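A.B. asks: have a look at this fold, sequence not included:
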């Protein structure tokens, strides 16, 4: 059950980051970006800063925006 919740949170984070960063990635890439972004943010900031589902979504969106920004830099 935890895996399903993590995938749903990752999908939401990737979707929100895609809207914020105006990216044109498909939904399945947004899930991957959300997973990577959440892991990146938790690695950089630590899990003690934001906790709970809302905190995970906020951290995942921030991390996902960073991942999209890096992808856009590489694509140029």
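C.D. replies: Yep, it's here. Here the structure is a predicted model, which means the values were calculated and not measured. Numbers count the residues shown, from 1 in each chain.
A.B. asks: in the helix or strand containing residue 28, which residues are buried?
C.D. replies: For residue 28, the host element (DSSP states H and E) is helix 27-45. Residues of helix 27-45 classed as buried by neighbour count (16 or more other C-beta atoms under 10 Å): 30, 31, 33, 34, 35, 36, 37, 38, 40, 41, 42. All C-beta spots, glycine's among them, are computed from the backbone N, C-alpha and C.
A.B. asks: show the pLDDT at the second one.
C.D. replies: Read it as residue 31. Looking at residue 31, its pLDDT reads 79.
A.B. asks: swap in the fifth one?
C.D. replies: Residue 35 carries a pLDDT score of 83 in this model.
A.B. asks: can you check the one 4 residues further on too?
C.D. replies: pLDDT recorded at residue 39 is 81.
A.B. asks: torsion angles phi and psi at the closest residue to it other than its chain neighbours?
C.D. replies: Leaving aside its sequence neighbours, residue 39 sits nearest to residue 63 (C-beta to C-beta, 6 or more residues apart in numbering; 7.2 Å). Backbone geometry at residue 63, expressed as degrees, to the nearest 10, gives phi -60, psi -40.
A.B. asks: ok, residue 63 touching residue 35?
C.D. replies: No: using C-beta atoms under 8 Å, residue 63 is not in contact with residue 35, being 9.5 Å away.
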